[in-house]
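Engineer: the sequence isn't on hand, but the structure is:
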């Protein structure tokens, strides 16, 4: 009964800050062939190397990055209202997370507050490694994308017929995508690897300075 109440509760809209524009080519030193190129403004690829120069990320970085992927999953748990009720293995997988989901859904602005915390405290904080900031930004972008199925559901909201079938398919697809991203992202981080989520990885990398 607790799981059903969580799944069918309305989801508040989330907001994202405006994406920073691409780097403009205003520096002649980057274009002139006779001068050395400055590397300070060139984006470095995100890697899973540790601060000490090892081949894998540090353990604290792995844990922080793995936990961040629970944010979009908790925020979009209501999209699994059809899948979870039909498949008992998924119910068993979600059941241990119910206390954390209850806390997350207990206040309507929790999702927005978590978003602000992750973006300004982690992503924009150079004290965190690029590995942590990149994974955190992937989780944020994934959560921002939930605005689109939410708008579709609020706009049409079919009660029966083909419209309801399409909405059920959309909700189930969104939930399964969130579940796959959670399992892939968190497990990769715990293993010290760098997960690159479909759709969101490039957008996240542009935001990580």
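Structural biologist: Sure thing, it's come through. This structure is a prediction, so every number in the text was calculated from the model and none was measured.

Engineer: quick one, strands of this protein?
Structural biologist: In the chain, no strands are found when defined by DSSP state E.

Engineer: mind checking pLDDT for the spatially most central residue of it?
Structural biologist: Against the mean C-alpha coordinate of the chain, by Cα atoms, centre = their mean, the closest residue is residue 139 at 1.7 Å. For residue 139, the pLDDT comes out at 97.

Engineer: nearest residue to it in space, please, no chain neighbours.
Structural biologist: residue 68 (4.3 Å; Cβ to Cβ, 6 or more residues apart in numbering). Where you see a C-beta, it was placed from the backbone N, CA and C, and this is true even at glycine.

Engineer: and for the one you found, the neighbour number?
Structural biologist: 26 (other Cβ atoms under 10 Å).

Engineer: quick one: contacts for it?
Structural biologist: 118, 122, 135, 136, 138, 139 (Cβ atoms under 8 Å, 6 or more residues apart in numbering).

Engineer: same deal with residue 161?
Structural biologist: No residues are in contact with residue 161 under the rule Cβ under 8 Å, 6+ apart.

Engineer: distance of it from residue 167?
Structural biologist: 10 Å (Cβ to Cβ, to the nearest Å).

Engineer: any idea how far residue 168 is from the residue nearest to residue 139?
Structural biologist: From residue 68 over to residue 168 (counting by Cβ to Cβ), the distance is 29 Å.

Engineer: do residue 203 as well
Structural biologist: Taken as Cβ to Cβ, the span from residue 203 to residue 168 is 28 Å.

Engineer: of those two, who's got more company?
Structural biologist: For residue 203 versus residue 168, the count of surrounding residues by other Cβ under 10 Å is larger for residue 203: 17 against 14.

Engineer: where in this protein is pLDDT low?
Structural biologist: 1-56 (pLDDT under 70).

Engineer: how does it look with 50?
Structural biologist: The chain contains residues with pLDDT under 50 at 1, 10-42, 50, 52-55.

Engineer: next, residue 199: phi, psi?
Structural biologist: Main-chain dihedrals, residue 199, degrees, to the nearest 10: phi 80, psi -40.

Engineer: what's the separation between it and residue 133?
Structural biologist: 19 Å.

Engineer: and those two? Which one has more around it.
Structural biologist: residue 133 (27 against 12).

Engineer: shouldn't that one be in contact with residue 123?
Structural biologist: Yes. Using Cβ atoms under 8 Å, residue 133 is in contact with residue 123, at 5.0 Å.

Engineer: shared neighbours, those two?
Structural biologist: Common contact partners of residue 133 and residue 123 (Cβ under 8 Å, 6+ apart): residue 208.
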